[in-house]
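Engineer: following is a predicted model, sequence given first.
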Amino acid sequence: MTPHKIFRTTLLGVLCFGLVACGGPEGRVAPSGQAPQEFNNDIDTAQSDRSSFWDLFGGAPDQKVQVNRYLWNASLDVLEFLPVQSVDPFTGVIVTGYGTPPGSGRAYRATVHIKDPALDARSLNVSLQTKGGRAVSASTTRAVEDAILSRARQLRIADKNL
């Protein structure tokens with residue numbers, strides 16, 4: 001290829017790229033007055049590109065998640081008979097495997113969600129399940145929540161006495 005032909009091909013490529021970059025769905029309208037479906041998809045994609053990675057997790061990168069440490073430790077204390085499968089102190093989630101509480105013949109597993117830094121019943125969500133996959137009665141779940149809250153208050157009182 002001659003240098004003149006290379007220059008013309010490069011110039012043609014740059015012009016084509018410039019025309020494509022200038023075009024877009026905003027200027028084109030379908031005869032009915034609405035943009036065609038193919039352009040609506042492009043607009044949705046362009047708008048979703050403006051969102052950040054942190055929108056997936058419902059927060060900003062500088063946003064701090066706070067979990068009440070007394071509720072966290074009390075949950076681990078009260079449910080110590082259950083094997084811990086996963087913990088996430090940043091979101092306040094504790095997931096356990098199946099275990100049998102002392103004095104019982106039924107196996108349970110628990111998921112605990114501590115969603116607020118306050119030492120309050122509203123900050124604590126406990127979900128219990130039997131080995132058969134059934135949900136546990138509300139009174140049993142409430143008894144476990146009460147035990148966690150009582151233990152958390154004990155831990156807080158012991159902490160203040162030091």
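Structural biologist: The structure has been received and is ready for your questions. Numbers count the residues shown, from 1 in each chain.
Engineer: what's around Arg69, how many residues?
Structural biologist: 16 (other Cβ atoms under 10 Å). Where C-beta positions appear, they are placed from N, C-alpha and C, glycine not excepted.
Engineer: and the longest helix seen in the chain, which residues are buried?
Structural biologist: In the chain, assigned by DSSP state H, the helix with the most residues is helix 138-161. Residues of helix 138-161 classed as buried: Thr141, Val144, Glu145, Ala147, Ile148, Leu149, Arg151, Ala152, Leu155, Arg156 (neighbour count, 16 or more other Cβ atoms under 10 Å).
Engineer: TSV for those residues, including distance to Gly132?
Structural biologist: Output for the buried residues of helix 138-161, formatted as TSV (distance: Cβ to Cβ, whole Å):
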residue	distance to Gly132
Thr141	16
Val144	18
Glu145	22
Ala147	23
Ile148	24
Leu149	28
Arg151	28
Ala152	30
Leu155	33
Arg156	37
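Engineer: related to what we said a few turns ago, list the contacts of the longest helix of the chain.
Structural biologist: If you take Cβ atoms under 8 Å, 6 or more residues apart in numbering as the criterion, helix 138-161 is touched by 68, 70-71, 73-75, 77-79, 110, 112, 119, 121, 124, 126-128.
Engineer: now, of the residues you listed, which are buried?
Structural biologist: By 16+ other Cβ under 10 Å, the contacts of helix 138-161 give 68, 70-71, 74-75, 78-79, 110, 112, 119, 124, 126, 128 as buried.
Engineer: that older thread, could I get the buried residues of helix 138-161 in CSV, plus columns for pLDDT?
Structural biologist: Converted to CSV, the buried residues of helix 138-161 look like this (pLDDT from 0 to 100):
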residue, pLDDT
Thr141, 94
Val144, 94
Glu145, 96
Ala147, 96
Ile148, 96
Leu149, 96
Arg151, 96
Ala152, 95
Leu155, 94
Arg156, 93
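Engineer: enumerate every residue touching Pro101.
Structural biologist: Phe81, Tyr108.
Engineer: and it, how far from Lys115?
Structural biologist: 25 Å (Cβ to Cβ, to the nearest Å).
Engineer: what's the span of stretch 120-128 from first residue to last?
Structural biologist: 20 Å (Cα to Cα, to the nearest Å).
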